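Undergrad: Take this sequence and fold it.
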Amino acid sequence: MPIADRISASVILALCAVQLVNLLIAPSWAEPVARAGFVVLAFAAIYRFGLREWCLLAVALALSGALLWQPGGDTALGTALGKAAYFSAFIMLIMLLREGAATSASVLAVGQWITLQPPGRRFVVTWFGAHIAGILMNFGAISLLSPLIQRGVSVGLGDTAEDRRRAELRERRQLSTLVRGFAFVICWAPTSLTQVIIFASVPGLDVADVIPLGIGFALLMLFVGWGEDRLRWGPPRLASLHPKPFPRSAGLDLMFVYMLLVGGALAVTFWLGTELPTALMTIAPIILIGWVAAQQRGFRPTAERIRDIGQDAVPRLAQQAYLLGAAGFIGITAAALAPVDDIATWLAGAGIPNWVVVAALPVIITLGGQVALSPMVMVVFLAAVVTSLPQLPARPEYVALALGAGWSLSITAAPNSTAALLLAGATGLPPTRLTWAWNGTYSLCVMASFAGLCWAIVG
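TA: As a prediction, this is how the structure comes out:
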């Protein structure tokens, strides 16, 4: 293991441990150490930096310098560093779960079943498959399912020009469905960084209100996507694939993992009195070790697989943890520097209907994504503006839904989003084709649907 990988792995694991101590016990030393740990992480991961990471570092340093010139800027800077450390630790611990999924025969079996469905039910099954896989695997759902889709689009077809055209159409429709199903899981799933950031940014939220509302909106977007797909391409042709039976054993295995994750998190929440994200951070490493042990069936192979994860996956994930933590840091510091109060005062006096304010949030987040502004930056900034208003334009859970919907739309409509770049890397297709060309119309339909929903429920 290279020394640089060893250092970055040690730093991110130490940061995660300190952050858990801070969340569960809250000793006086933990918060300052976590803040310092995030700064050290930036230097530890620097050997893996690309253009995006260097740009984020430059912007973060510039905003930090500007913040320190302001009265009380050191306090605001400390708060931003604390949030960045929290975001980095959360995404690191949750993303480790996908390392268990990567070697799971059950995940592979269910993934193959999802991607080889006949036309009549292919959209719904692929959408739900990506949606459910995203809860446990995060962006790993895209990396797993997209190659399986590309491998299966030619099954049952020949090598004529018409068959190749049908294979290309299958690829377009299934990959688009994959992106759409994955995108809207972040509107409600407590394992997503999106929900952690929204709960940290919008006061007054209740999990019992946010999750059902997010699930309902995601299901509405399923119907919007299905309708757009059907209007564009027409009803499905005669199936050329014979549906295979669902792999029940593999499905039960995955259901058991989900139940352990959810049940364990709820048990930690009630036992320790923590918030759900903290409980998920606590239980995720335990679930990973148990999942790997069930796959390897022996102490030595389990220890070897855990060692491989530490040597290969942890240094790579440390870079992603820094990237997302830095984006959160930039959003918080930008909000502290911007004339948020003046913007809020203008909005309060402009007489704009509340439903228009809420409906505009996803549009602004999506537009920011077109110029490579991370949805995390936009969500944190807009949350600061909205919560500075004398009164929220809608109930807190509606504001949270609007911010989550904007983040989801960035996945389907912004070529520079993490999901689009990952999918482009996994498939070899340009991110502009995966977003603007294939999902542009759908994204506009989502915006219109959300605006209508806001008009109906916000008024």
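Undergrad: okay, CA-based contacts and neighbour counts for the rest of this
TA: OK.
Undergrad: out of everything not next to it in sequence, what's closest to Glu397?
TA: Distances taken as C-alpha to C-alpha, 6 or more residues apart in numbering put Val210 closest to Glu397, at 5.5 Å, once the chain neighbours are dropped.
Undergrad: where does the one you found land in three-state SS?
TA: Reduced to three states with DSSP: H, G, I helix; E, B strand; the rest coil, the structure at Val210 is helix.
Undergrad: And the next helix or strand past the helix or strand of the chain with the lowest mean pLDDT?
TA: Ranked by mean pLDDT, DSSP states H and E, the weakest helix or strand in the chain is helix 418-427, scoring a mean of 78. Per DSSP states H and E, the first helix or strand lying C-terminal to helix 418-427 is helix 431-432.
Undergrad: quick one on the thing from earlier: gap between the least confident helix or strand of the chain and the chain center?
TA: 13 Å (C-alpha atoms, centre = their mean, to the nearest Å).
Undergrad: What are the boundaries of the helices in the stretch 351-459 of the chain?
TA: Remark: helices of the stretch 351-459 of the chain, listed N- to C-terminal, are 354-370, 375-387, 396-413, 418-427, 431-432, 438-457; assignment by DSSP state H, counting those that start in this stretch.
Undergrad: how about the second one: buried residues?
TA: Of the residues in helix 375-387, those buried by neighbour count under the rule 16 or more other C-alpha atoms under 10 Å are 375-387.
Undergrad: Columns pLDDT and distance to Gly216 on top of these, output as CSV?
TA: Rendered in CSV, the data for the buried residues of helix 375-387 read as follows (pLDDT from 0 to 100; distance: C-alpha to C-alpha, whole Å):
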residue, pLDDT, distance to Gly216
Pro375, 92, 22
Met376, 89, 23
Val377, 91, 26
Met378, 93, 24
Val379, 94, 21
Val380, 92, 24
Phe381, 91, 26
Leu382, 94, 23
Ala383, 94, 22
Ala384, 89, 26
Val385, 89, 26
Val386, 92, 23
Thr387, 91, 24
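Undergrad: Name the nearest of those relative to Pro415.
TA: Pro375 (12.2 Å; C-alpha to C-alpha).
Undergrad: picking that back up, can you redo the buried residues of helix 375-387 as a markdown table with distance to Leu157?
TA: Output for those, formatted as a markdown table (distance: C-alpha to C-alpha, whole Å):
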| residue | distance to Leu157 |
| --- | --- |
| Pro375 | 40 |
| Met376 | 42 |
| Val377 | 45 |
| Met378 | 45 |
| Val379 | 45 |
| Val380 | 48 |
| Phe381 | 49 |
| Leu382 | 49 |
| Ala383 | 50 |
| Ala384 | 53 |
| Val385 | 54 |
| Val386 | 53 |
| Thr387 | 55 |
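Undergrad: just curious, which of the residues you listed is nearest to Val356?
TA: The nearest one, if we look at the buried residues of helix 375-387 relative to Val356 and count by C-alpha to C-alpha, is Val386, at 12.8 Å.
Undergrad: quick revisit: now the least confident helix or strand of the chain against helix 375-387, angle please.
TA: With axes from the mean of the first three to the mean of the last three C-alpha atoms, to 10 degrees as the criterion, the two stretches helix 418-427 and helix 375-387 enclose an angle of 170 degrees.
Undergrad: tell me which residues of stretch 184-204 are tucked away?
TA: Of the residues in stretch 184-204, 184-199, 201-202 count as buried by neighbour count, 16+ other C-alpha under 10 Å.
Undergrad: Give me the subset of those that lies in helices.
TA: Using DSSP state H, 193-199, 201 are the members of the buried residues of stretch 184-204 that sit in helices.
Undergrad: is it possible to export those residues to TSV including pLDDT?
TA: Output for these, formatted as TSV (pLDDT from 0 to 100):
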residue	pLDDT
Leu193	90
Thr194	94
Gln195	95
Val196	94
Ile197	93
Ile198	96
Phe199	95
Ser201	92
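Undergrad: With distance to Trp233 added, can I get those residues in a markdown table?
TA: As requested, those are arranged in a markdown table below (distance: C-alpha to C-alpha, whole Å):
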| residue | distance to Trp233 |
| --- | --- |
| Leu193 | 34 |
| Thr194 | 32 |
| Gln195 | 34 |
| Val196 | 37 |
| Ile197 | 37 |
| Ile198 | 36 |
| Phe199 | 39 |
| Ser201 | 41 |
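Undergrad: For the residue nearest the centre of the chain, which residues are in contact?
TA: Taking C-alpha atoms, centre = their mean, the centroid of the chain lies closest to Ser192, which sits 5.0 Å from it. Applying C-alpha atoms under 8 Å, 6 or more residues apart in numbering to Ser192 gives the contacts 91, 135, 138, 186.
Undergrad: again, 7 Å this time
TA: With contacts taken as C-alpha atoms under 7 Å, 6 or more residues apart in numbering, Ser192 has the following neighbours: Ile186.
Undergrad: Span of stretch 297-313 from start to end?
TA: Terminal residues of stretch 297-313 are spaced 21 Å apart (C-alpha to C-alpha, to the nearest Å).
Undergrad: For Leu389, see how far away the residue nearest to Glu397 is.
TA: For Val210, the distance to Leu389 (C-alpha to C-alpha) stands at 21 Å.
Undergrad: out of the two, which sits in the busier spot?
TA: Shown here are Val210 and Leu389; by other C-alpha atoms under 10 Å, Val210 has more neighbours (22 against 18).
Undergrad: The more buried one and Pro396 touch, don't they?
TA: No. Proximity of Val210 to Pro396 does not meet the contact threshold set by C-alpha atoms under 7 Å, at 8.9 Å.
Undergrad: where does the stretch 1-150 of the chain have low pLDDT?
TA: Applying pLDDT under 70 to the stretch 1-150 of the chain picks out no residues at all.
Undergrad: Recalculate using a threshold of 80.
TA: Filtered on pLDDT under 80, the stretch 1-150 of the chain yields the residue ranges 1, 119-120.
Undergrad: Now do the helices in it.
TA: Listed in chain order, the helices found in the stretch 1-150 of the chain under DSSP H, counting those that start in this stretch are 3-24, 30-44, 51-68, 73-95, 97-102, 105-115, 119-137, 140-152.
Undergrad: list the contacts for the closest residue to Phe38 other than its chain neighbours?
TA: Nearest in space to Phe38, with sequence neighbours left out and distances taken as C-alpha to C-alpha, 6+ apart, is Ala85 at 5.3 Å. In this structure, Ala85 makes contact with 34-35, 38, 325, judged by C-alpha under 7 Å, 6+ apart.
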